[in-house]
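Q: Fold the following.
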Amino acid sequence: MVRNPTSRFKILFSLLCAAGMSVYAQPGSTINIPGLQLPVEVLRDKWGVNHIYASNQHDLFFVQGYLAAKDRLFQFEIWRRQATGTVSELTGPSELKRDIGARLFRYRGDLDKELNYYHQDGKAIIEAYTDGVNSYIDEVVKNPELLPQEFKMLGIKPGKWTPDVVVSRHQGLKGNVSKELDMGLAVAKVGEQKVKGLAWLHPKEPDLRLDPSITKEMLSANILEVYNRFHSAFPYSALKLAVPFGSAIEPLEEGAEGSNNWIVSGSKTQSGYPILANDPHRAISLPSLRYMAHLNAPGWNVIGGGEPVIPGISIGHNDFGAWGLTIFQTDSEDLMVYDLNPANPGQYKYKGTWRDMEEIHETIPVKGSADTAIALLFTVHGPVTYVDSLRNKAYAVRCGWLEPGGAPYLASLRYNQAKNWNQFRKGTKYSNLPGENMIWADKKGNIGWQVVGITPLRKNFSGLVPVPGDGRFEWDGYLNIKKRPHTYNPESGFFATANQNVTPDTYRIWEGIGYTWADPFRGDRINEVLAADNKIDVDKTAALQTDYLSIPARTLVPMLSGLRFKSELSQRAQEQFKGWDFVLDGSSIAAAIYAMWERRIDSESNARFVPQDIKSLVNVQLSKTLSWIRSPDQRFGAAPEQGRNDFLSQTFELAVNDLKAKLGDDISKWQYGQERYKHAALNHPLNSILPLSLKEKYNIAALPRGGNGHTPNSTGAADRQTSGASFRLIADLSDWDKALMINSPGQSADPESKYYKNLFELWANNQYFPAFFSKEKIMEATDARTVFEPVK
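A: The predicted structure follows:
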């Protein structure tokens with residue numbers, strides 16, 4: 001029977017009005033999707049952000065999943081295989097250890113309890129999201145022409161998503177167990193005091209003593225291989241084409257993790273309303289780790305960014321307030337060492353008795369060979385990563401993040417709906433991974449900071465070195481997240497974090513505070529700018545997010561003034577610092593010289609001062625090196641000040657020689673930001689197997705950058721930026737339409753899409769686009785309007 005088109009329009013009109021949709025929006029396309037309950041309107045703005053208007057919660061998250069999968073399907077498939085431990089099915093046996101690790105560290109508790117931990121409707125939301133993902137996968141399978149090129153090159157098809165994939169922990173920033181093993185081995189080799197003299201451990205002094213039962217021989221094996229493999233970057237180099245083009249595949253580079261965020265009260269802003277800023281620093285990759293969206297339905301109106309495979313918004317704002325996050329170093333892991341029963345290696349000693357390990361048997365499909373049967377072993381503390389049959393020892397990792405609530409960022413679903421500080425803070429107590437500095441600002445003028453993340457309480461050990469798993473070293477439960485450090489409407493009128501230690505001296509529960517932190521330079525620079533200005537606005541906030549001033553340069557460069565160099569080129573290089581403002585601008589020659597000198601200071605400090613047999617285990621942070629340089633001691637020789645000056649001059653000469661080799665001896669061509677020096681360029685993860693005809697389309701050419709890993713605009717220490725602000729948000733609470741965002745390189749992973757790299761140049765030039773929130777402003781910037789209708 002043919003429906004009356006007029007009646008059909010009236011029904012659609014009523015539904016759209018009920019969902020807050022404008023019937024005056026520009027005409028667009030209509031798509032029928034099985035699984036929807038009511039029509040959903042999507043306005044895609046010219047920057048690629050989908051603004052989703054649904055009539056109910058189910059349809060909202062269904063369409064969020066559908067659209068994210070449509071933009072990033074190959075990224076979804078890689079995530080799914082990492083989460084399910086099926087990478088070997090693509091690569092062959094080389095990634096078997098990765099798959100074993102993924103299965104060992106899979107959440108194996110009550111799945112319904114886990115899903116509903118993140119939101120009271122968590123199960124329904126996550127199932128709607130995966131149903132939306134699967135709806136697009138069904139569409140692609142029925143229409144193979146829609147299949148992204150990566151699938152065709154590899155001869156594979158996307159697999160279906162299930163809720164347990166969404167709650168995988170493999171991508172989370174988890175803890176310190178790898179550093180724990182390194183530090184334990186370093187202590188075993190050179191002693192506790194030597195390690196403490198090299199590592200920058202604060203704010204309290206940890207106990208690094210190893211239990212006498214643990215020796216360096218016991219810590220020298222590859223104990224954590226399966227753990228390290230399961231959460232490492234995806235091994236694109238191990239993939240093989242269905243029809244090979246020849247060369248090996250280039251892996252995505254993984255950069256250092258960091259972030260900045262801050263909140264400013266209306267007492268210090270031009271508008272009289274708070275301002276919130278956040279720029280999480282992760283790998284700069286193609287496609288981006290981040291994905292932006294606007295979600296609107298009854299009970300929901302939230303915009304911002306997150307990871308494409310996770311429902312909700314991790315960093316953003318709703319009608320009432322804005323929030324952001326950075327990493328707060330939280331030790332939620334321990335490496336446990338067990339004695340095995342010589343008569344039965346399936347048993348370990350715990351509290352004086354032999355206990356049977358739990359065994360789970362699984363089968364892993366492996367490309368090019370028979371399926372591999374594996375036995376996964378578990379102790380009372382957690383997954384067993386290594387068994388040393390020669391010494392009758394076993395090693396397990398105890399993980400707080402395997403408790404319910406350990407899926408990264410999913411608890412954002414709770415504070416996506418927060419209306420005030422108390423609701424926001426209540427929501428954050430469900431955020432177990434990663435450890436974070438969560439900040440909040442609301443329209444009523446309040447600002448606040450709350451540290452989140454699951455925190456084991458250790459009464460008799462520091463958690464920085466491995467301990468026996470015999471029952472003597474147990475956790476005394478977990479710290480209530482609300483008892484972690486926090487502040488509300490601070491007297492200073494602002495609060496900033498940049499992964500440095502920001503724990504107040506007045507805090508009392510020190511067993512819940514870690515000992516290893518990022519260098520403070522980014523945070524110090526942000527604090528000095530915010531403290532000095534009582535008329536902060538969006539433009540000034542953007543300038544601070546993209547700030548390239550180097551605090552270490554302010555310390556080091558003046559120390560060169562009394563030094564003389566034999567090399568004429570070094571003398572001319574030194575002269576470039578006259579009148580320099582310590583800003584690592586891409587156009588600056590002085591910045592180019594300083595950045596290379598800082599690299600040399602860092603590398604030579606580690607080369608000279610770290611004993612040979614622990615060089616791979618302990619890294620001297622720049623803060624530690626600067627403290628030695630400011631107050632030289634016998635490590636620089638019998639005449640410490642002269643030895644310190646020799647160290648500075650020698651590292652400067654090395655830096656000048658490095659630049660000569662890189663850029664030639666014409667200093668006028670030594671600009672910092674250029675393709676041969678500091679730059680950003682993105683290659684597709686399958687770049688090296690792409691035919692030449694596709695490389696130009698898939699890869700993104702270099703653009704100049706500035707900064708380094710110690711400037712607020714963190715760009716890392718290498719020539720090519722591989723980490724930094726993958727996403728930025730600035731929210732002026734006086735008007736949500738004044739909010740700014742940026743992501744790189746674009747929303748889509750399809751090189752045929754206009755949203756594939758449309759944001760890369762904006763990002764590389766430290767610019768933003770308006771994150772419009774009102775329907776009126778969004779419609780003015782709309783590129784395409786689509787109405788998704790249920791299949792009747």
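Q: how would you label the one residue sitting closest to the centre of the chain: helix, strand or coil?
A: By CA atoms, centre = their mean, the mean C-alpha position of the chain lies nearest to residue 282, the distance being 4.2 Å. Each residue gets one of three states, and residue 282 gets strand by DSSP: H, G, I helix; E, B strand; the rest coil.
Q: I'd guessed it sits against residue 289; true?
A: Yes - with contact defined as CB atoms under 8 Å, residue 282 counts as touching residue 289 (5.2 Å). Just so you know, the C-beta spots here come from the backbone N, C-alpha and C atoms, and that holds for glycine as well.
Q: between these two, what contacts are shared?
A: Common contacts of residue 282 and residue 289 (CB atoms under 8 Å, 6 or more residues apart in numbering): residue 726.
Q: which element is residue 696 on?
A: Residue 696 belongs to helix 692-698 when elements are defined using DSSP states H and E.
Q: Residue 491 too?
A: Counting by DSSP H and E, residue 491 is part of no helix or strand.
Q: so how far is residue 696 from it?
A: 55 Å (CB to CB, to the nearest Å).
Q: Verify the stated contact: residue 49 with residue 773.
A: No - using CB under 8 Å as the test, residue 49 is too far from residue 773 to be in contact (10.8 Å).
Q: Pick out whichever of the two has more residues nearby.
A: residue 49 (26 against 23; other CB atoms under 10 Å).
Q: ok, that one - contacts?
A: Taking CB under 8 Å, 6+ apart, one finds 292, 293, 294, 303, 741, 747, 771 in contact with residue 49.
Q: tell me, what's touching residue 49 and residue 773 both at once?
A: With CB under 8 Å, 6+ apart, residue 49 and residue 773 have common neighbours 294, 303.
Q: what pLDDT, on average, does the longest helix seen in the chain get?
A: Counting residues, the longest helix in the chain under DSSP state H turns out to be helix 57-84. The average pLDDT within helix 57-84 is 98.
Q: how far is the next helix or strand after that helix from where the chain is centred?
A: The C-terminal neighbour of helix 57-84 among helices and strands, as given by DSSP H and E, is helix 88-91. The chain centroid and the centroid of helix 88-91 are separated by 26 Å under CA atoms, centre = their mean, to the nearest Å.
Q: which strands and helices sit next to helix 88-91?
A: helix 96-104 (3 or more CB pairs under 8 Å, 6 or more residues apart in numbering; DSSP states H and E).
Q: contacting residues around the helix it packs on?
A: So helix 96-104 is contacted by 82-88, 168, 170, 225-232, 235, 362, 364, 366, 372, 374, 376, 383-385 (CB under 8 Å, 6+ apart).
Q: ok, back up a step: so between residue 491 and residue 696, which is more surrounded?
A: Neighbour comparison, residue 491 and residue 696: the larger count goes to residue 696, with 11 against 6 (by other CB under 10 Å).
Q: how near is that one to residue 684?
A: Taking CB to CB, one finds residue 696 at 11 Å from residue 684.
Q: Over to residue 781?
A: 29 Å.
Q: do residue 532 as well
A: 44 Å.
Q: Then residue 501?
A: Residue 501 is 38 Å from residue 684, by CB to CB.
Q: Ok, residue 437 next?
A: Separation of residue 437 from residue 684 (CB to CB) stands at 33 Å.
Q: Same check on residue 660?
A: With CB to CB as the criterion, residue 660 and residue 684 are 34 Å apart.
Q: which one of the two has more residues nearby?
A: residue 684 (25 against 17).
Q: which non-adjacent residue is nearest that one?
A: For residue 684, ignoring the flanking residues on the chain, the nearest one in space by CB to CB, 6 or more residues apart in numbering is residue 698 at 4.0 Å.
Q: Tell me, how many residues neighbour that neighbour?
A: Counted with other CB under 10 Å, residue 698 comes out at 20.
Q: ditto for residue 665
A: Residue 665: 13 neighbours (other CB under 10 Å).
Q: what does residue 472 give?
A: 12.
Q: State whether it is indeed within a strand.
A: No - read with three-state DSSP, residue 472 is coil and lies in no strand.
Q: And stretch 34-52, end to end?
A: One end of stretch 34-52 to the other measures 17 Å (CA to CA, to the nearest Å).
Q: from the chain's centre, how far out does it sit?
A: For stretch 34-52 - counting by CA atoms, centre = their mean - the centre lies 27 Å from the chain centre.
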